[in-house]
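In: Next comes the sequence, and after it the predicted model I'd like to discuss.
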Amino acid sequence: MSDDVAGPDPVVPQLHRELANRHIQLIAIGGAIGTGLFMGSGRSISQAGPAVVLVYGIIGFFVFFVLRAMGELLLSNLNYKSFVDFSADLLGPAAGFFLGWSYWFAWIVTGIAEIVAITGYTKFWWPGLPSWLPVLVTVGLILVLNLFGVRNFGEAEFWFALIKLIAIVCFIIAGVVLVATSFVSPQGHRATIENLWNDGGFFATGFMGVVGGFQIAFFAFVGVELVGSAAAETVNPRRTLPRAINAVPLRVAIFYIGALLAILTVVPWRQFPSGESPFVMMFSFAGLAAAASIVNFTVITAAASSANSGVFSTGRMLFGLADEGSAPTLFHRLNRGGVPAPALFLTAALLLTSIPLLYVGGSVMDAFTLVTTVSSLLFMFVWAMIVISYLVYRRRHARRHAESAYKMPAGLVMCWVLLAFFAFVIWTLVTQRETAIALAWFPLWFVVLGAGWLVVRRRPGRAERYRQFQAEMNRPTDEDVESTAPAA
């Protein structure tokens, strides 16, 4: 180990609060807008037809309430560094263990999905390019970006995310222009809003088609909770988190619904292959090859940006698990920039498993569907644990809730509606063969976690460590002292 890495003792540098509001805002968007929208929406369109717009809207509606529950919990006690902390405090150490490792693995799987997609995007330019080459380049670049201080990461992610946001806005504007001018493609198809219903109707594939669109569409939203895992490194969480969360409905309307409407009005929905990015295909279909190449570059940047945010998150999560004794102490080491370097190296090594995945038969889309289904299930578990933690919080800390300046709308009722929605999404996975296979294997993850917990809970001093954790979670913060101090 290099000399600039310190062990977990009192002089170890801690995670730094160096992310400003603009960083958190763009990280929240950058982590969420990735291949689930840019590549996966092609499969969703082929399943649900024009009604895919409704699918994305429904999921975005429920995700917003998950974030509101998370936001109230995090701001109810600023000692909570992430949702793993409040889960462990409210539900017990086993819940923190299961949630922390599941969230870590969820981002590993998501990162693999993003890298698989990047490999598919590069085939647009170089069909004969070896699949391992884009993987090595992407993982190497992401590792370098994350090994520097968190502010450097924030700056890099800010600009990465800004590129894809500008690209989506330009994409929507291009769609509006094509529709307004009644553009006719070389294939003879006219850009018109009537494309939303003139080929079988808005619900062209029927109810089960809409159901089939939920899997990839659900994956498009994973990562929106990244503002929670970044809370420990936020300069002013009481101001930053509510602003980031409250912006979610507008982001969904613009970057998800707006982009899909642009696609579906310019090109008839049946023309999109399920295994390719509809963003790229829209311009290719319109005969604008140069624009298609620009969009392809943008979606590669978007996928790399999302994977970059995931590596950031996994490193911090593994650091937190080591801090509480649920992971080897090696991963509690920070370099001089306050970055959990050993945790990042492990993440990078695991991302390289996307190479054999790409070579084990099938298409890029087959691998993408399998991996994104596992990722969706893991994130669904994480979101469900946030909701359950909120239910316990409302029962145990009624005074905190009453004093909260950022209450979750429709609190308790909405929690049960959210859990019912998650059950519905799980049912949708049973309706497709590819997703059903991933669902059938998914319980194995909890078997592995259960075995790990049986080992961890028997470690000497585990009970004492948890009591110390609870004491730390319940001590007054500097912000609490300032808020209760008498006015001068």
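Out: That came through fine.

In: Pick out the residue nearest the middle of the chain.
Out: Nearest to the geometric centre of the chain sits residue 223, at 1.5 Å (CA atoms, centre = their mean).

In: Isn't that one up against residue 113?
Out: No - the criterion here is CB atoms under 8 Å, and residue 223 misses it with residue 113 at 11.2 Å. C-betas here are computed from N, CA, C, even on glycine.

In: Which elements pack onto the helix or strand harbouring residue 281?
Out: In this structure, residue 281 sits in helix 278-285 according to DSSP states H and E. Packed against helix 278-285 by the contact rule (3 or more CB pairs under 8 Å, 6 or more residues apart in numbering; DSSP states H and E) you find helix 40-48, helix 150-180, helix 259-266, helix 289-323.

In: who's in contact with it?
Out: 38, 41-42, 45, 121, 124, 171, 174-175, 185, 187, 189, 259, 262-263, 266-267, 271-273, 289, 291-292, 295-296, 298-299 (CB atoms under 8 Å, 6 or more residues apart in numbering).

In: Read off the pLDDT value for the residue nearest to the centre of the chain.
Out: Residue 223 is assigned a predicted lDDT (pLDDT) of 77.

In: I figured residue 256 was touching residue 60, is that so?
Out: Yes - Residue 256 is within contact range of residue 60, at 6.3 Å (criterion: CB under 8 Å).

In: State the distance from the nearest residue to residue 368 once chain neighbours are set aside to residue 81.
Out: Leaving aside its chain neighbours, residue 368 sits nearest to residue 116 (5.3 Å; criterion: CB to CB, 6 or more residues apart in numbering). According to CB to CB, to the nearest Å, residue 116 and residue 81 sit 31 Å apart.

In: ditto for residue 98
Out: Residue 98 is 18 Å from residue 81, by CB to CB.

In: Equivalent analysis for residue 456, please.
Out: For residue 456, the distance to residue 81 - CB to CB - is 20 Å.

In: next one: residue 401
Out: Residue 401 is 21 Å from residue 81, where distance means CB to CB.

In: quick one: which of these two has more around it?
Out: Between residue 401 and residue 81, counted using other CB atoms under 10 Å, residue 81 has the larger neighbour count: 24 against 18.

In: Report the secondary structure state of the residue nearest to the centre of the chain.
Out: Classification of residue 223 by DSSP: H, G, I helix; E, B strand; the rest coil places it in coil.

In: For stretch 253-272, what is the distance to the chain centroid?
Out: 22 Å (CA atoms, centre = their mean, to the nearest Å).

In: Going forward, count from 35.
Out: Sure, I'll start counting at 35 from here, so that last one is stretch 287-306.

In: residues of it that come out buried?
Out: Neighbour counts over stretch 287-306 (16 or more other CB atoms under 10 Å) mark 289-303, 305-306 as buried.

In: how far does that stretch stretch from start to finish?
Out: 22 Å (CA to CA, to the nearest Å).

In: Could you give the number of residues near residue 487?
Out: Neighbours around residue 487, by other CB under 10 Å: 17.

In: Can you name the element that comes right after the host helix or strand of it?
Out: Taking DSSP H and E as the criterion, residue 487 maps to helix 477-490. Tracing the chain past helix 477-490, the next element assigned as helix or strand by DSSP H and E is helix 496-507.
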